[in-house]
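Participant: 3D model of this:
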Amino acid sequence: VYVPRTGIVREIAMSVRDMAEHLKGQILQLRRFETQRREFFGAISHAMKTPLTGILSAVEGIEQGALENPEYRKECINALKLQSGRLSELLHEFLALNTIEMLESKKERDFTPAYLADILYEATEGFFHNKNCPEFIFETGEYEEKEIGVNQKLLVQAFENLFYK
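Facilitator: Okay, here's the model as predicted:
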C-alpha cells in the first residue's frame, strides 16, 4: 500500500497496511495450525495402527483354531485385552483433546449447574460393568449436595482420563 507523506490519506493507508500485516500474520498462524493438525492426525492414525494390528492378529488366531488350544487361546485373549486397552486409551486422549479444542474455539464457555457426585458417577459408570476394576469411594465434602458451575462434559472427560490410566 502506497503511504503518502502527509494528510488523512496517510493515516488511512497506514491503517490498511497495519491490517494487511496483521492478516498476513494470522494467515501464517493458520497455516502452522493446519500443518500441526495434519501431523497430529497422522500421529493418531499411526498410533492406532499398532493396537488394531494386535487385535486383528488375535482374531485371526482365534479363527485359525486358538479356541481348541488352551495356551494359544489364552495368548489371543490376553492380546485382545491389552491391545483393546491401548486403543481405548488412545481414543480417550483423542476425545479429550478434541473436547478441549472445541471449547477453546467457542467464545462462550458452557458452564452449567451440576452436582459433583453426578459428574463422578458418570465418569466411573464404565467401571461398574468390569469385575476386575477396583471399587471407587469418593468424598465430595461440602460439594456433595451443592450445585457447582462447570462444563460437565469436559469435567467428566478429565475424570475419565484420570480413572482409566
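Participant: how about the helices in the chain?
Facilitator: 8-61, 70-105, 116-124, 152-163 (DSSP state H).
Participant: give me the number of residues near residue 116?
Facilitator: When counting by other CB atoms under 10 Å, one arrives at 20 neighbours for residue 116. In short, each C-beta sits where N, CA and C put it, glycine included.
Participant: Hmm, it is touching residue 148, no?
Facilitator: Yes. At 6.2 Å, residue 116 and residue 148 qualify as touching, with contact defined as CB atoms under 8 Å.
Participant: was I right about residue 114 contacting residue 148?
Facilitator: Yes. The criterion here is CB under 8 Å, and residue 114 meets it with residue 148 at 6.4 Å.
Participant: Compare those two and say which is more crowded by neighbours.
Facilitator: Using other CB under 10 Å as the criterion, residue 114 and residue 148 rank with residue 114 on top: 17 against 14.
Participant: how far away is the residue nearest to the more buried one when sequence neighbours are not counted from residue 145?
Facilitator: Nearest residue to residue 114 in three dimensions, chain neighbours excluded: residue 152, at 4.8 Å (CB to CB, 6 or more residues apart in numbering). Distance of residue 152 to residue 145, given as CB to CB, to the nearest Å: 17 Å.
Participant: ok, now residue 8?
Facilitator: Distance of residue 8 to residue 145, given as CB to CB: 64 Å.
Participant: And for residue 39?
Facilitator: Between residue 39 and residue 145 the computed distance is 46 Å (CB to CB).
Participant: Over to residue 28?
Facilitator: 51 Å.
Participant: And for residue 5?
Facilitator: Residue 5 is 71 Å from residue 145, by CB to CB.
Participant: who's more crowded, those two?
Facilitator: residue 145 (9 against 5).
Participant: my guess is that one meets residue 115, correct?
Facilitator: Yes. Using CB under 8 Å, residue 145 is in contact with residue 115, at 7.1 Å.
Participant: where in the chain is pLDDT low?
Facilitator: Applying pLDDT under 70 to the chain flags residues 1, 3, 102-110, 126-136, 140, 143-144, 164-165.
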